[in-house]
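Enquirer: Sequence plus predicted model, see below.
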Amino acid sequence: MGAKRSSREKGARRALTLRLALGEGVALGPGKADLLAGIRDAGSIAAAGRQMGMSYQRAHDLVAALNADFREPLVATAMGGTGGGGARLTPLGEEVLRAYRDAEAAAETAVADRLAWLRSALARRD
């Protein structure tokens, strides 16, 4: 997945929310995926959290959990100071984000006809 953000990552309303239970107490869903995408795009945990309306502490805690849950860290950080700090996705972080987005797209494709039918059955709200 390139640096360009999809409409899904920009906060567009999702027709389907995918939460993957990966193991005992380990899940990957849209919030963590959007945070990873934000870090990839902004180069900062704080900036990614702000874009999502999330406190730095919450964003930092989610990154710490993600890094602990996988065999290698998904996010690498650099200390601030005169040279500046920042964060970036590791190669595994890029792969995990890509795998999640691929699963999300496959799920959306799989339910598209059912979702269309359900929407057609809604009461009109004029």
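Expert: Structure's in. What do you need? Here the structure is a predicted model, which is why all the values come from computation and not from measurement. Numbering: from 1, shown residues only.
Enquirer: packing partners for whichever helix in the chain runs longest?
Expert: If you go by DSSP state H, the chain has its longest helix at helix 91-120. Helix 91-120 sits against helix 30-42, with contacts defined as 3 or more C-beta pairs under 8 Å, 6 or more residues apart in numbering; DSSP states H and E. Where C-beta positions appear, they are placed from N, C-alpha and C, glycine not excepted.
Enquirer: Just after the lowest-mean-pLDDT helix or strand in the chain, pick out the following helix or strand.
Expert: Within the chain, no helix or strand scores below strand 75-78, which has a mean of 93 by mean pLDDT, DSSP states H and E. Next in sequence after strand 75-78, counting helices and strands by DSSP states H and E, comes strand 86-89.
Enquirer: Give me the residues contacting that following strand.
Expert: 36, 39-40, 43-45, 48, 63, 74-78, 97 (C-beta atoms under 8 Å, 6 or more residues apart in numbering).
Enquirer: tell me the mean pLDDT over the longest helix of the chain?
Expert: Average pLDDT, helix 91-120: 96.
Enquirer: show me the contacts for the residue nearest to the spatial centre of the chain.
Expert: Central residue of the chain (C-alpha atoms, centre = their mean): A33, 1.3 Å from the mean position. A33 sits next to 97, 100-101, 104 when contact means C-beta under 8 Å, 6+ apart.
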